[in-house]
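the sequence isn't on hand, but the structure is:
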Ligand SMILES: [Zn+2]
Ligand SMILES: [Zn+2]
């Protein structure tokens, strides 16, 4: 039996109830030494990587440092994908994302990208019109 456990038992003997026991142990700094089995948690514990990490961006942070880290990370990923044509096959053709991310220039992907760019420009034009006085 460890000294900590012995001391804890003495405290527990004197304490009125469990709450007081815990309080006394805490005050004596014995609670940590007892180390009751931590409740089991499923899955990976959440990791706080701080700002300036692309994984923090993926979690939802949009601060400048995380944006920049994510941009650099994605540029590196795209370079890897572009160097591997089979990656585009796995991603599937006829998609704008395959054109952009996997650098695929096949006909279906190019068509999808052109349609995407056209829609994007139309959205921007509409927004610019709305901001400059709205539709009349
Ligand atoms: Zn951040
Ligand atoms: Zn393609």
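Alright, I've got the coordinates. Note that the structure is a prediction, hence the values are computed from the model and not measured. Ligands and ions are numbered 1, 2, ... in the order given.

buried residues, the helix or strand in which residue 127 is found. List them.
Following DSSP states H and E, one finds residue 127 within helix 107-131. In terms of neighbour count (16 or more other CB atoms under 10 Å), helix 107-131 has its buried residues at 109, 112, 113. All C-beta atoms are positioned from the backbone trio N, CA, C, and that covers glycine.

residue contacts, the first one?
For residue 109, the set of contacting residues under the criterion of CB atoms under 8 Å, 6 or more residues apart in numbering consists of 88, 93, 94, 95, 96, 98, 99.

circling back to that earlier point, which one among the buried residues of helix 107-131 gets closest to residue 130?
Nearest to residue 130 among the buried residues of helix 107-131: residue 113, at 25.8 Å, using CB to CB.

near ligand 2, which of the contacts of residue 109 show up?
Residues of the contacts of residue 109 in contact with ligand 2 (CB under 5 Å from the ion): residue 93.

rebuild the contacts of residue 109 as a markdown table, extending it with secondary structure and distance to residue 66.
As requested, these are exported to a markdown table (DSSP: H, G, I helix; E, B strand; the rest coil; distance: CB to CB, whole Å):
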| residue | secondary structure | distance to residue 66 |
| --- | --- | --- |
| 88 | helix | 28 |
| 93 | coil | 32 |
| 94 | coil | 32 |
| 95 | coil | 26 |
| 96 | helix | 25 |
| 98 | helix | 26 |
| 99 | helix | 26 |
